[in-house]
Every structure is written in C-alpha cells, then in structure tokens.
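# I would like to see how this sequence folds:
(one chain, ligands or ions: 3)
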Amino acid sequence: MIVKHDMNYLTVLNSAINHKLAPPLAVLRRQQFLIRVLGVGGENRMQGSKFEADSDNILRAITPVLDPNRHKGQAGKVAVIGGCREYTGAPYFAAISALKIGADLSHVFCTKDAAPVIKSYSPELIVHPVLEESYSVGDRDKDHISRRVVAEVDKWMERFDCLVVGPGLGRDPFLLDCVSEIIKQARQSNVPVIIDGDGLFLVTNNLGLVSGYPLAILTPNVNEYKRLVQKVLNCEVNDQDAHGQLLSLAKQIGGVTILRKGKCDLISDGEIVKSVSSHGSPRRCGGQGDILSGSVAVFLSWARQLILADEGNLIISPKNPTMLGCIAGSALLRKAASLAFEDRKRSTLTTDIIECLGRSLEDICPAC
Ligand SMILES: NC(=O)C1=CN([C@@H]2O[C@H](COP(=O)(O)OP(=O)(O)OC[C@H]3O[C@@H](n4cnc5c(N)ncnc54)[C@H](O)[C@@H]3O)[C@@H](O)[C@H]2O)[C@@H](O)CC1
Ligand SMILES: Nc1ncnc2c1ncn2[C@@H]1O[C@H](COP(=O)(O)OP(=O)(O)OP(=O)(O)O)[C@@H](O)[C@H]1O
Ligand SMILES: [Mg+2]
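Ligands and ions are numbered 1, 2, ... in the order given. Model prediction:
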C-alpha cells in the first residue's frame, strides 16, 4: 500500500519534471522529504511484510498494569555501566529513559569524574562513582583496584533485572578489563545484559564474554555492526541478504540476540528475524541509541517477569524475552522520535525524544 502510494508520488513528480512543470523549490523539497520518509525502496517495504513484528500488541502484552498492590522495585531495577570523562550524556539518556518508561529504580556505575556531572542532570538516578581509568591508577595498584571495582558492582548485582553495558563507557583498557569482569559476574548471576556503544567495542574483541549467553542483547549501530560482521563472519556487511547475515551472526555468537539499528531495525536471536520499520524521525542526532538501550532493558525485564510468572500462557509471538524486549524498545523509541520531530522538526534533540516516551507508551498502552 505504502509502496503504491509512493510510486504514485514519484510518477507525478517525474511527470511534472519531464513536462517542465517542476513545482517551486519548497514544494519539491517537501515532496522529496515525504518520499524519503515513506521510503520508496528497500527496507521500508518490510512494513506489512511477514518479518514485521506485531510491535503494538507486544508492547501491550508485556507492559505490566499499574497495580496498587505492587511495591517499589517490582516494575524493574536497571543499571547502566557507562560514563567517563568524555561522555556523560549517553549513560544519562539510557538510565533516565528506563525511568520514564516505568522502571522503579535506575542506577549508573561510572567513573569518578563523570559521577557529579550525571548526578547534576537528575536527582532521580542513583549514581555510583566506582569505575577507574588508567590515568588514575598506578601499575602496582591495578589488581586490587580492579577487584574493588568489580566487588562494588557485584554487591548490587542480584538486585538488578538488567544491565546496560557501554553507553559512554569510553575505551580505556584498564576500565574495559574491569567491565569484562562485571559482565562475567552478571552472567554467573543470570542477569540479562544489553551491550551497546563502547561495550560493543569490548565484546567484539572478546566474544567469549557473551557467546552462548541467551540473556545477552547486542545493539550495534552501523559502525558497530560492520566491526562485528568483519570479526565474526570474516566478511563485509551484505545488505542484499541482511536477514540471512544477521541470523548467521546471532547463531555464530551462540544465540545471543542482536538488534541491528538503522532505517529499519532488524532483530534476531539466531532462530528467527523480526523487523521494526514503523515511522521514526529523519533527525539522526546522537543519543537515540542510548534511549533505545535503556528502553530495551525495561521491556526485557517486563517480558522476562511475565514469562517466568505465566509460562506457557503467553499469547504473543515470538516468546523469547530478549526478542520481545528489542521489538518493544525499538517500536517505542521510533514512535517517540516521530512525535518529537512533529513538534521540533530540525531542532529535535535526544532530550525532546525522551520527553515523548511517556506519551508514546500511553498512546499504545494507556495507564488506566
Ligand atoms: N552525549 C553523549 O554522551 C553521547 C555519547 N555517545 C557515546 O559515544 C561513544 C562512541 O559512540 P559512537 O556511536 O560515536 O561510535 P561509533 O563507533 O559509531 O563512532 C565512533 C568513531 O570514533 C572512533 N573512536 C571512538 N573512540 C575511539 C578511541 N578511543 N580510539 C580510537 N577511535 C575511537 C571510532 O573508531 C569511530 O570512528 C559511545 O560510548 C556512545 O555511547 C553516543 O551514544 C552519542 C551521545
Ligand atoms: N535512517 C533511520 N531512519 C529511522 N530511524 C532510524 C534510522 N537510523 C537509526 N534509526 C533509529 O534510531 C535508533 C538509534 O540508532 P542509531 O544508529 O542512531 O544508534 P547509535 O549510533 O548507537 O546512537 P547513539 O548516538 O545513541 O550512540 C535506532 O533504534 C533506529 O530505530
Ligand atoms: Mg550508540
């Protein structure tokens, strides 16, 4: 339907140009914008295809009711491992998005320099200044400081429903060594982990950290996906067989779930592939991937709770909580981005999109 509609547009536009009836520049630009947004070719044809996830129904099915009998913590406790001297926005975006969607508690484990900055963005976040970078650690102290860092996070581990590892983490080698140990602890405690941003830089060079862990989700952007494909499949990204390649990649990493971000988000756990190609925003400001990782953390926690409590009775498909979390997170972010863009147009920023998360969820799944 959409393709047909777009083709009509193209035909009218081409015919106008051929007959020297080209509209004024502003009209032409608007038409070109519509064609781009509606997407004449490629990935947007996925909408309505057999791969397109039933994202609104999934969102409704996994979002818990606001029950007065529930206590603080039951709607989710998430932690973001990230935030260093360079990046303080990314962990904030991920952690605050989790709260805005409905998690009860959101923690950030970051470096000492980043902590006061992140705390100053929001009093809602619980910020732990525990990570250390090489510049602040002498060679002789590395072992004991590393043990201390890992122990600081580990004492909280059992309380978390999900970890997001990587937004604004940076690439300091000592810090990344400590984070490797944190991922191992999470895995031992069966806590789901979402690996994003610099966490993907770490994991791509050390696949054993997540390989074979079904509660791991990787959320690569275009660059991160390219590095992952080169490393794991030893070839280049093949967009002619995007589904097949993603499926092989997830399978090759032992059935982790991968959310490949782009014009259309593609998600696979090595068994199936689903797409979310609902209308998003044409603005590509930094930080939207961070919103996504925080959102996926919440939906994954909710899906897992539901499946553990209600095994066998889930009427939605797929049934894998990591797939469900990715589909719901992607659909919500894209809706919020679209609402923010309607309002702010070219000046749309990540903070505007975060402000639209609540309204987007309310539109799909009203609170009462
Ligand atoms: N406001 C913020 O604080 C934001 C921070 N972000 C963080 O920025 C970091 C990078 O994410 P991108 O999406 O830009 O990553 P990309 O991999 O898409 O691009 C980063 C580019 O910088 C290079 N690069 C980055 N760090 C490097 C290093 N230490 N040494 C050599 N080359 C390096 C990469 O090779 C690449 O070319 C992540 O931690 C991400 O979470 C982004 O999420 C955007 C918003
Ligand atoms: N061309 C596009 N059209 C529509 N939506 C897109 C497009 N590219 C990305 N997105 C959406 O933006 C989200 C973030 O993707 P992006 O590739 O910007 O991540 P990122 O680079 O990791 O972001 P960040 O700046 O937070 O690190 C994805 O979930 C996707 O839904
Ligand atoms: Mg990113």
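# Could I get the CA-only coordinates of the helix or strand containing Lys184 as PDB?
Under the assignment given by DSSP states H and E, the secondary-structure element containing Lys184 is helix 173-188. What follows is the C-alpha trace of helix 173-188 in PDB, where atoms were taken according to Å, rounded to 0.1, in the frame of the first residue of the first chain:
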ATOM      1  CA  PRO A 173      42.000  -0.600  28.600                       C
ATOM      2  CA  PHE A 174      42.000  -0.800  32.400                       C
ATOM      3  CA  LEU A 175      38.400   0.300  32.600                       C
ATOM      4  CA  LEU A 176      37.400  -2.200  30.000                       C
ATOM      5  CA  ASP A 177      39.200  -5.000  31.800                       C
ATOM      6  CA  CYS A 178      37.100  -4.300  34.900                       C
ATOM      7  CA  VAL A 179      33.900  -4.200  32.800                       C
ATOM      8  CA  SER A 180      34.800  -7.600  31.400                       C
ATOM      9  CA  GLU A 181      34.800  -9.000  34.900                       C
ATOM     10  CA  ILE A 182      31.400  -7.200  35.600                       C
ATOM     11  CA  ILE A 183      29.900  -8.900  32.500                       C
ATOM     12  CA  LYS A 184      31.200 -12.300  33.800                       C
ATOM     13  CA  GLN A 185      29.600 -11.700  37.200                       C
ATOM     14  CA  ALA A 186      26.300 -10.700  35.600                       C
ATOM     15  CA  ARG A 187      26.300 -13.900  33.500                       C
ATOM     16  CA  GLN A 188      27.000 -16.000  36.600                       C
END
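# Show me which residues of the protein sit near ligand 2.
Neighbours of ligand 2 within the chain, by C-beta under 6 Å from any ligand atom: 197, 221-222, 261-263, 265, 280, 284, 286-290, 292, 330, 333-334. C-betas here are computed from N, CA, C, even on glycine.
# Please indicate which of these are buried?
Buried subset of those (neighbour count, 16 or more other C-beta atoms under 10 Å): 197, 221, 261, 265, 280, 287-290, 292, 330, 333-334.
# nearest residue to the closest residue to ligand 2 within the stretch 101-250 of the chain other than its sequence neighbours?
With C-beta to the nearest ligand atom as the measure, Asn221 is the residue of the stretch 101-250 of the chain nearest to ligand 2, at 3.3 Å. Once its chain neighbours are removed from consideration, Asn221 has its nearest residue in Lys261; the separation is 5.1 Å (C-beta to C-beta, 6 or more residues apart in numbering).
# Glu158 too?
For Glu158, the closest residue by C-beta to C-beta, 6+ apart turns out to be Ser189, at 6.0 Å.
# what's in contact with stretch 90-102?
Among residues not part of stretch 90-102, those counted as contacts by C-beta atoms under 8 Å, 6 or more residues apart in numbering are 63-64, 75-76, 78, 80, 82-83, 106-108, 110, 114, 118, 121-122, 124-125, 164, 167-168, 196-197, 287, 290-291, 293-295, 297-299, 332, 350, 354, 357-358, 361.
# Now the stretch 1-150 of the chain against ligand 1: closest residue?
Gly89 (2.6 Å).
# thinking again about what came up before, counting contacts, what elements does the helix holding Lys184 pack onto?
Using 3 or more C-beta pairs under 8 Å, 6 or more residues apart in numbering; DSSP states H and E, the elements in contact with helix 173-188 are strand 126-131, helix 142-157, strand 162-165, strand 193-195, helix 198-204.
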